[in-house]
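for reference, the sequence and a predicted model appear below.
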Amino acid sequence: MSEPTSQPGAEQQALQAACAEQLKALFPALFTGAPKPVKLRIQADIQERAPGQFSKQQLSAFLRRHTGSTAYLNAVIKSTHRFDLDGKEAGEITAEHKQVARDELSRRRAKHQERQVQEEAAQRQRFELLRAFETTTLTRANFCALKGLAEAKLDGLLAQAREEAKAWAARPRPADGGRGGAPGDRRGGPGADRRGPRQGRPDDRRPGRGPSGKGAGQGRPQGGRSAPARPESARAQPAEATREAAAPVDAAVQAPATDVGQGEA
């Protein structure tokens, strides 16, 4: 005996759609509009209020799909009560049920992000394959052998890469005119300068430095006369004092940033 598939066939989808429409017509207060958390054991109430109109299997399939939707799970998290067939409050939603809904939504988000990363990686590989094929001097057979690719699959991958590159080129450009990276690449364009501010600019010199970068007080003042000699105590400042003066600045720069995400749910 074959196991039922996870995705319903066309006939099952039609039956579920008919069941949903019938429930909306019979109990609009509960099944129309935004999803509402349903009363526990609502299936027994439906059978009692509409005897013989739905099979147990039909209702189970509908309720499993209805209560498993993302919109329904969000409703469970945000709502405080469940509702009966007449749209009236029918018991509070427990903290355990809210946590189950949160865990399921977190699992779905993680799965979606993982699938998105995999799709973008595959798209980048197809783009690189297209770029390599258009610039290679190898024969088709040798190129496929080099890439470890079956020759029968090459045309399909190249066609898909061309369509993706065409769609990427048609995307709206950022306001700064950048083109962005290759298809499937979220990084900025190849010309993007991600470096920080340049060191040693005229407006970014250390305090106490002159335009030439030498220590203040050195050189000749205006008028051509030599500056008076400094006392021996002023010239003989130890290097330790200089390092101690700079220490608070270095400590502030090197202090680790606070992790604002810690402790959040």
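All right, it came through fine.

how about the helices in this structure?
Taking DSSP state H to define them, one finds helices in the chain at 10-26, 28-31, 42-49, 56-67, 70-78, 95-135, 140-147, 151-169, 232-235, 239-254.

how much space separates Glu114 from Ala121?
In this structure, Glu114 lies at 11 Å from Ala121, with Cβ to Cβ, to the nearest Å as the measure. Where you see a C-beta, it was placed from the backbone N, CA and C, and this is true even at glycine.

got it, and Ser55?
Using Cβ to Cβ, Ser55 is found at 45 Å from Ala121.

residues contacting Lys147?
Contact partners of Lys147, counting by Cβ atoms under 8 Å, 6 or more residues apart in numbering, are Leu129, Ala132.

what pairs with the nearest residue to Glu89 once chain neighbours are set aside across the strands?
For Glu89, the nearest residue in space outside its immediate sequence neighbours is His81; the separation is 4.1 Å by Cβ to Cβ, 6 or more residues apart in numbering. On the basis of DSSP bridges, His81 is bridged to Glu92.

wait, His81 touches Gly87, no?
No. With contact taken as Cβ atoms under 8 Å, His81 and Gly87 are classed as non-touching, separated by 11.0 Å.

which residue ranges make up the domains of the chain?
By the assignment in automatic domain parsing, the chain contains the domains 10-93, 107-169.

the spatially closest residue to Ala75 that is not a sequence neighbour: neighbour count?
Residue nearest to Ala75 in three dimensions, not counting chain neighbours: Pro35, with 4.8 Å by Cβ to Cβ, 6+ apart. The burial metric for Pro35, expressed as a neighbour count using other Cβ atoms under 10 Å, is 18.

could you check the pLDDT of Pro35?
Here, the pLDDT recorded for Pro35 equals 95.

circling back to that earlier point, of the domains of the chain, flag the one that's most buried.
The highest average neighbour count among the domains of the chain, using mean count of other Cβ atoms under 10 Å, belongs to domain 10-93 at a mean of 15.

for Ala71, give me its contacts.
For Ala71, the contacting residues are Ala34, Pro35, taking Cβ under 8 Å, 6+ apart as the criterion.

that one and Asn142: what is the separation?
Ala71 is 53 Å from Asn142, where distance means Cβ to Cβ.

go on, Ala14?
Following Cβ to Cβ, the distance that separates Ala14 from Asn142 is 52 Å.

Glu151 too?
From Glu151 over to Asn142 (counting by Cβ to Cβ), the distance is 10 Å.

and Arg49, by the same measure?
Separation of Arg49 from Asn142 (Cβ to Cβ) stands at 72 Å.

kindly report the same for Arg171.
When Cβ to Cβ is the yardstick, Arg171 and Asn142 sit 35 Å from each other.

okay, now the unreliable bits of the chain?
Applying pLDDT under 70 to the chain flags the ranges 1-8, 174-265.

rerun that using 80 as the cut-off
Applying pLDDT under 80 to the chain flags residues 1-9, 173-265.

contact partners for Ala44?
With Cβ under 8 Å, 6+ apart as the criterion, no residue contacts Ala44.

do Asp45 as well
Taking Cβ under 8 Å, 6+ apart as the test, what Asp45 contacts is Lys39, Asp84, Leu85.
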